[in-house]
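S.K.: Sequence below, structure please.
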Amino acid sequence: MLKNLKIDDVLFLDIETVSQVSEYSELDGRLKHLWDKKAEVLMRHKPETNAEELYNTAGIYAEFGKIICISCGFMNGRELRVKSFYGDDESILLNEFAEMLNKHYANPQNLLCAHNGKEFDFPYIARRMLILGIELPGIINMAGKKPWEIRHLDTMELWKFGDYKHYTSLELLAAIFNISTPKDDIDGSMVGKVYWMDKELKRIVEYCQKDVVTIVQLLRKYLGLPLIKDPDIAFS
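M.R.: So this is what the prediction gives:
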């Protein structure tokens, strides 16, 4: 897929997610029971924990979490433009994101690209859209498609070279490819706290946008293209 890839056809993205409610005690009875069952499985690997303590991981599961930010990047000539859909109302941001995909990324040559996107970002977005009754844009909908018809790129999968046991973080790949990344005051493990307790969504958006820039730079390294210089990156 990379051989004839035109990077201008690619939409790069990253999502940030949190739990549906801020604390385990706020879950309604039905969902609390179902989370307890989920936690039983998780506790096999962490027997010293309980369902309430494990609720801080609920945001990574589409059934118990929600999306609070989708940051997107696309090349416009030599310039990288980065735009984010974010807010407390997940339905609004997902509808806006779906509208953008349907309007600008509905052609056969268009692709989506994320790091670990095939295991996380793409299915999470699709599941949350279905839960909220939002029609899936064609580029997200995988139903009935053959593997070569699915227009998804994953910078982590590309690095695996067929090794399905190998997980490599975006941070590590950025380091070994000498891609400069700004020192952030938060990381992925802190997103829930920053959202629910600190109520600083803008910090999360900035963190998400920087990851998108890193994904773009990483794919450019894979393609043998020069890195984008900071003056050529525009945030909106």
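S.K.: make it CA atoms for all contacts and neighbour counts henceforth
M.R.: Will do.
S.K.: Assess the claim that A98 and G138 are in contact.
M.R.: No - using Cα atoms under 8 Å, A98 is not in contact with G138; the gap is 9.6 Å.
S.K.: neighbour count winner among the two?
M.R.: More crowded of A98 and G138, by other Cα atoms under 10 Å: A98, with 21 against 17.
S.K.: how about the helix or strand where the more buried one lies: buried residues?
M.R.: Per DSSP states H and E: A98 is located in helix 90-104. Buried residues in helix 90-104, counted by 16 or more other Cα atoms under 10 Å: E90, S91, L93, L94, N95, F97, A98, L101.
S.K.: burial count for the spatially closest residue to the second one that is not a sequence neighbour?
M.R.: If you skip the residues right next to it in sequence, S91 has L132 as its closest partner in space, 6.6 Å away by Cα to Cα, 6 or more residues apart in numbering. Other residues within reach of L132, judged by other Cα under 10 Å, total 12.
S.K.: distance of L132 from S180?
M.R.: Look at L132 and S180: by Cα to Cα, to the nearest Å, they are 38 Å apart.
S.K.: For K146, give me the pLDDT.
M.R.: K146 carries a pLDDT score of 90 in this model.
S.K.: no, scratch that, I was asking about K183
M.R.: We have a pLDDT of 66 for K183.
S.K.: Next: M1.
M.R.: 56.
S.K.: So V205 is in contact with G87, correct?
M.R.: No - using Cα under 8 Å, V205 is not in contact with G87; the gap is 9.5 Å.
S.K.: shared neighbours of these two, which are they?
M.R.: Here V205 and G87 share the contacting residues C69, scored by Cα atoms under 8 Å, 6 or more residues apart in numbering.
S.K.: out of the two, which sits in the busier spot?
M.R.: For V205 versus G87, neighbours defined as other Cα under 10 Å are more numerous around V205 (22 against 17).
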